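Colleague: predicted model, plus sequence, below.
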Amino acid sequence: MKNILLVFFVIVSISGCSLLPTQSAKDGESVPYAGYIAINPISLPHDLFVNAGPSDAGAQQTDSDLGFLINNAARVSIQEISADGEIKYISSGVSSKDHYYHSTIDYIKYHSSSIKLPIENKNGDSKADISVIIGVAVGVGLRAEATFTSSEKGVNIADIVNIGASAQAKKISGTMAFQTMGIESKAISDTLPIPSELSTSTIQNALQTMATVKANIYSPETNVVPQIVGIEIQSYPDGVSIADIVKSLHRNKFYLVDQVKEELNQRGYKFSN
């Protein structure tokens with residue numbers, strides 16, 4: 001288990017970022033969540049990207065599907081769902097008693113794009129529509145999803161290791177599931193765990209699978225199709241909530257894809273369609 005944990009911490013250190021974004025409050029007041037939000041992957045055409053590659057004839061060409069995925073990260077997104085069904089994203093990494101949580105742990109190799117997303121005005125007046133700048137993660141990887149309830153207040157649920165420790169201590173109970181995002185191979189499929197009860201062993205399987213995915217991304221047997229896997233929010237225009245942004249994201253999927261294409265094109269990437 002120690003070796004497996006070491007592998008995971010290496011993955012995290014490669015990312016160059018913390019697992020959870022920081023969030024501050026002024027004078028004890030709550031502030032809008034700022035940070036990473038995992039989304040259901042939005043597909044991009046397999047042959048969308050054609051890396052322009054180095055201009056020198058002797059330069060080494062990179063894989064057309066992976067050449068622009070220059071970032072590695074382990075990112076966590078946590079939803080807290082209250083008894084009355086209210087959903088909010090949290091960044092504190094500690095639980096409230098008897099609340100329901102959905103924690104998404106992504107290991108991703110990705111490209112970060114900055115996109116202007118239109119937000120429909122609440123009064124329905126299209127002329128009054130506004131927009132918000134969001135970060136978009138385009139990439140591939142593995143997603144581990146822990147769904148659980150907490151029997152105590154203040155339980156550490158900041159990352160996959162602490163979730164496993166809390167489950168072993170019976171402070172939380174739930175289930176865990178896995179999915180690959182934009183990658184497929186026999187080696188990866190053979191190691192993908194079956195959804196099961198949240199426990200130390202399922203956490204161990206998650207870490208093992210993350211290491212396997214990382215090792216096989218560049219394998220010739222691995223099919224790679226980059227997708228939009230997450231977004232990052234840093235600021236909100238007046239009157240806009242996180243719910244408004246998420247709803248707009250689902251309403252504007254085709255627009256989002258077009259914006260990603262345009263942004264990558266400006267960075268020197270060509271498109272085959």
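Modeller: Received the coordinates, thanks.
Colleague: what is the subsequent helix or strand relative to the longest helix along the chain?
Modeller: Ranked by residue count under DSSP state H, the longest helix found in the chain is helix 200-216. Moving toward the C-terminus from helix 200-216, the next helix or strand (DSSP states H and E) is strand 223-224.
Colleague: could I get the full set of strands for the stretch 51-200 of the chain?
Modeller: Ranges of strands in the stretch 51-200 of the chain, per DSSP state E, counting those that start in this stretch, are 71-81, 87-90, 100-119, 130-150, 172-181, 183-184, 196-197.
Colleague: confidence score at residue 40?
Modeller: Residue 40 is assigned 91 on the pLDDT scale.
Colleague: what number of residues lie near it?
Modeller: For residue 40, the count of nearby residues is 12 (other CB atoms under 10 Å). Quick note: C-beta positions are derived from backbone N, CA and C, even for glycine.
Colleague: buried set for whatever helix or strand it lives in?
Modeller: Residue 40 belongs to strand 35-43 when assigned by DSSP H and E. By neighbour count on 16 or more other CB atoms under 10 Å, the buried set for strand 35-43 is 35-39, 41-42.
Colleague: flag every buried residue along the longest helix of the chain.
Modeller: 201-203, 205-214, 216.
Colleague: and which of the buried residues of strand 35-43 is nearest to residue 197?
Modeller: Set against residue 197, the nearest of these by CB to CB is residue 38 (21.7 Å).
Colleague: so who does the residue positioned nearest the centre of the chain touch?
Modeller: Closest residue to the average C-alpha location of the chain: residue 38 at 3.9 Å, with CA atoms, centre = their mean. By CB atoms under 8 Å, 6 or more residues apart in numbering, the contact set of residue 38 is 75, 77, 104, 106, 143, 229-230.
Colleague: filter those down to the buried ones, ChimeraX style.
Modeller: Here is the ChimeraX command that selects the buried residues among the contacts of residue 38 (16+ other CB under 10 Å):
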select :75,77,104,106,143,229,230
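Colleague: related to what we said a few turns ago, I'd like the strands of the stretch 51-200 of the chain as a markdown table, with distance to residue 164 and mean pLDDT appended.
Modeller: What follows is the strands of the stretch 51-200 of the chain, written out as a markdown table (distance: least, CB to CB, whole Å; pLDDT from 0 to 100):
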| stretch | distance to residue 164 | mean pLDDT |
| --- | --- | --- |
| strand 71-81 | 13 | 89 |
| strand 87-90 | 19 | 86 |
| strand 100-119 | 11 | 90 |
| strand 130-150 | 9 | 91 |
| strand 172-181 | 9 | 90 |
| strand 183-184 | 24 | 90 |
| strand 196-197 | 12 | 84 |
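Colleague: using CSV, lay out the ones you listed together with distance to residue 248.
Modeller: Compiled in CSV, the strands of the stretch 51-200 of the chain are given as follows (distance: least, CB to CB, whole Å):
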stretch, distance to residue 248
strand 71-81, 18
strand 87-90, 16
strand 100-119, 5
strand 130-150, 8
strand 172-181, 22
strand 183-184, 28
strand 196-197, 35
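Colleague: can you pull the contacts of the spatially closest residue to residue 112 that is not a sequence neighbour?
Modeller: Leaving aside its sequence neighbours, residue 112 sits nearest to residue 135 (CB to CB, 6 or more residues apart in numbering; 5.7 Å). With contact taken as CB under 8 Å, 6+ apart, residue 135 is in contact with 112-115, 231-234.
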